[in-house]
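Visitor: From the sequence below, what's the structure:
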Amino acid sequence: MMKKPTQTLICVAAATLAAAACAVTTAQENKPTPGYNYKIPQKIMTPDEVETSIGRLEFFDGMPTEETVDKLYDHLLKMRGVETFLNGIPATSIEGLRLGHIELGIESSNHAMLFDELMDSAGLFLTGNTDTVYCSLFLNLKRDGATVVEIPASCGPGTVNDAYFRFVVDMGIPGPDRGQGGKYLILPPDYEGDLHGPIGGEKATIDGVDYFVVRSPSFVNWVILRGFLVDGKPDASAEMFRNGLKVYPLARKTNPPEMRFTSASGVPFNTIHANNFKFYEELHTVIEREPIGLLDPELRGLFASVGIQKGQPFEPTDHEKKILTDAVAIGNATARAISFRPRLEGADIYPDSAWKTAFVGGSYEWLKDRGDGGRNLDARTFFFYIATVNTPAMVLKMVGKGSQYALAATDAEGDYLDGSKTYKLTIPADVPAKDFWSVVVYDPQTRSELQTDQEFPSKNSKRSDLTANADGSIDLYFGPEAPEGKKTNWIQTVPGKGWFTLLRLYGPLEPWFDKSWRPGEIELMKDAL
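Guide: As a prediction, the model looks like this:
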């Protein structure tokens with residue numbers, strides 16, 4: 001249809017006006033920013049005043065004022081101090097363990113701590129269990145050089161971790177000796193010989209003797225071994241270690257020092273890192289003692305940013321110490337939020353459940369998405385703030401071997417577990433554990449066994465005389481007093497204190513991994529209130 005002349009004129013006029021308006025707008029948009037020859041994108045500019053969570057920041061044409069500079073450097077130190085705490089926990093946790101051994105007079109590699117009557121709540125030890133015979137010692141490869149650890153046959157799960165709590169090698173059932181016993185040779189980080197020592201170990205013959213050889217990234221290494229109960233008692237495993245465990249420098253293989261064992265059962269001592277300014281001093285001790293190569297440049301740079309550097313004294317000013325004291329308080333609180341209220345993807349073992357996995361992401365190296373997502377920093381903090389021992393045997397699917405864990409700090413309604421109240425947990429029949437299962441209760445302050453009138457704050461399928469239900473399930477009770485008629489299945493708690501628990505399965509079976517078997521939730525018994 002042909003337009004009328006009037007319509008055509010109107011359309012032309014409208015188009016002309018729109019073009020003119022567009023030209024004006026474009027000209028305004030391209031108008032030079034005051035002080036510049038051209039238009040500068042606003043997103044790259046800094047106003048003269050900016051309100052932030054740390055207060056007002058003031059600038060002269062983008063350059064911070066002296067007061068603002070001081071405020072920002074203080075804030076930077078605080079941020080770095082918090083990150084140093086969160087990332088330094090693995091190192092200080094090992095250091096805390098080493099100091100705990102020294103507290104008991106255990107200072108040489110041929111001197112071991114032995115829980116010959118099991119671990120009770122006297123010693124402060126991150127989520128230790130009451131159900132295996134622990135044998136613990138520290139290697140000093142700087143002093144002793146390449147060191148041999150002879151493992152007796154029938155040793156349960158054992159592990160060597162380096163000074164940053166990284167996996168070095170397994171021993172015993174999950175190790176290359178497969179529970180048959182054997183000699184392990186731990187090489188120092190500065191070893192320059194012909195032996196190969198990949199992480200995890202490699203078999204080698206030296207002077208006609210077979211060894212499992214591994215080179216550690218650090219001089220200090222923690223050796224932690226477990227022995228199983230026999231007929232519900234620790235005696236056989238304690239004797240196995242006393243008679244069969246030997247640790248000595250390779251250079252003294254023909255004349256090894258005599259082994260010594262110190263019982264830690266029923267003995268109060270501390271193995272836990274500091275949660276105050278002392279934390280940084282513990283970390284400095286580790287950095288000063290170990291080789292530069294223990295940590296990558298990123299972590300070394302982070303720690304150095306707060307004054308912790310190898311070869312340099314850690315001497316913060318009073319002002320810096322005040323800031324770092326605040327930072328460690330924030331870092332400690334953050335670690336507790338991550339540990340007791342985890343928001344990590346993959347932390348939940350089951351949907352809508354309080355049961356969490358401590359190895360979020362299924363990686364003992366704390367890699368996210370097999371490394372595509374880098375290091376899962378919060379997952380690493382979650383584990384090392386509440387637990388010890390880093391090994392694939394605690395993470396990977398090893399049916400009938402190794403161990404698996406589930407942690408709960410809240411009840412079925414999502415509330416923290418309260419020692420003043422009474423709860424019930426049902427363990428369904430046919431628990432998928434070849435060796436045994438246990439439930440242990442812990443103190444959220446110390447992350448160690450809860451101290452009550454009971455010697456062991458736990459129940460164990462091999463050691464405890466538990467009453468089962470008709471269907472084979474077992475009801476466990478938690479509270480300050482045992483419900484009537486339930487004392488054999490009762491774990492005592494403390495009024496006014498919180499608690500959390502770990503379910504352990506040693507020799508986990510397929511129903512655990514495919515989740516066809518799962519524990520009940522911890523239910524508040526409202527009729528007991």
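Visitor: Test my guess that Thr33 contacts Ile44.
Guide: No: under the criterion of C-beta atoms under 8 Å, Thr33 makes no contact with Ile44, lying 10.6 Å away. Bear in mind the C-beta positions are built from the backbone N, C-alpha and C, glycine included.
Visitor: These two: which has the busier surroundings?
Guide: Shown here are Thr33 and Ile44; by other C-beta atoms under 10 Å, Thr33 has more neighbours (12 against 7).
Visitor: residue boundaries of the strands in the stretch 1-150 of the chain?
Guide: 49-52, 55-60, 63-64, 111-114, 133-140, 147-151 (DSSP state E, counting those that start in this stretch).
Visitor: Between those, which one is closest to Ile323.
Guide: Closest to Ile323 of those is strand 55-60 (C-beta to C-beta; 15.2 Å).
Visitor: who's in contact with the closest one?
Guide: The contact list for strand 55-60 (C-beta atoms under 8 Å, 6 or more residues apart in numbering) reads Thr46, Pro47, Asp48, Glu49, Val50, Glu51, Pro64, Thr65, Glu67, Thr68, Lys71, Leu72.
Visitor: what do you get if the cut-off is 10 Å, keeping everything else the same?
Guide: Here strand 55-60 makes contact (C-beta atoms under 10 Å, 6 or more residues apart in numbering) with 46-51, 64-69, 71-72, 75.
Visitor: quick one: which of those sit in helices?
Guide: Among the contacts of strand 55-60, DSSP state H puts Glu66, Glu67, Thr68, Val69, Lys71, Leu72, His75 in helices.
Visitor: Need the buried ones from these selected in ChimeraX.
Guide: Under the burial definition 16 or more other C-beta atoms under 10 Å, those of the ones in helices among the contacts of strand 55-60 that qualify are selected in ChimeraX by:
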select :68,71,75
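Visitor: Can you name the two of the ones in helices among the contacts of strand 55-60 that sit furthest apart?
Guide: Longest span within these, C-beta to C-beta: Glu66 and His75, 15.1 Å.
Visitor: Which one of the contacts of strand 55-60 is nearest to Gly197?
Guide: His75 (44.1 Å).
Visitor: quick revisit: want to throw the ones in helices among the contacts of strand 55-60 into a markdown table with pLDDT?
Guide: A markdown table is the format used below for these (pLDDT from 0 to 100):
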| residue | pLDDT |
| --- | --- |
| Glu66 | 98 |
| Glu67 | 98 |
| Thr68 | 98 |
| Val69 | 98 |
| Lys71 | 98 |
| Leu72 | 98 |
| His75 | 98 |
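Visitor: From the centroid of the protein, which residue is nearest?
Guide: What sits nearest the mean C-alpha location of the chain, by C-alpha atoms, centre = their mean, is Phe384, with 1.8 Å.
Visitor: Name the next helix or strand following the helix or strand harbouring it along the chain.
Guide: Applying DSSP states H and E as the criterion places Phe384 in helix 377-386. Reading on from helix 377-386 to the C-terminus, the next helix or strand found by DSSP H and E is strand 403-408.
Visitor: Quick check: mean pLDDT of that next one?
Guide: Taken as a whole, strand 403-408 carries a mean pLDDT of 95.
Visitor: Show me what it is packed up against.
Guide: Applying 3 or more C-beta pairs under 10 Å, 6 or more residues apart in numbering; DSSP states H and E, we find strand 403-408 packed against helix 377-386, strand 433-442, strand 498-508, helix 510-513.
Visitor: Between those, which one is closest to Thr334.
Guide: Taking C-beta to C-beta, helix 377-386 is the member of the helices and strands packed on strand 403-408 nearest to Thr334, at 7.9 Å.
Visitor: just for this protein, where's the confidence low?
Guide: Within the chain, the ranges that satisfy pLDDT under 70 run 1-28, 528-529.
Visitor: If we use 90, what do you get?
Guide: 1-30, 173, 232, 358, 370, 393-398, 400-403, 462, 526-529 (pLDDT under 90).
Visitor: can you map out the helices along it?
Guide: Using DSSP H, the helices of the chain run over residues 5-29, 66-103, 141-144, 235-244, 278-289, 297-304, 318-340, 377-386, 510-513.
Visitor: Could you export those helices as JSON lines, including distance to Leu450?
Guide: Below are the helices of the chain laid out as JSON lines (distance: least, C-beta to C-beta, whole Å):
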{"stretch": "helix 5-29", "distance to Leu450": "67"}
{"stretch": "helix 66-103", "distance to Leu450": "19"}
{"stretch": "helix 141-144", "distance to Leu450": "36"}
{"stretch": "helix 235-244", "distance to Leu450": "24"}
{"stretch": "helix 278-289", "distance to Leu450": "24"}
{"stretch": "helix 297-304", "distance to Leu450": "34"}
{"stretch": "helix 318-340", "distance to Leu450": "15"}
{"stretch": "helix 377-386", "distance to Leu450": "14"}
{"stretch": "helix 510-513", "distance to Leu450": "25"}
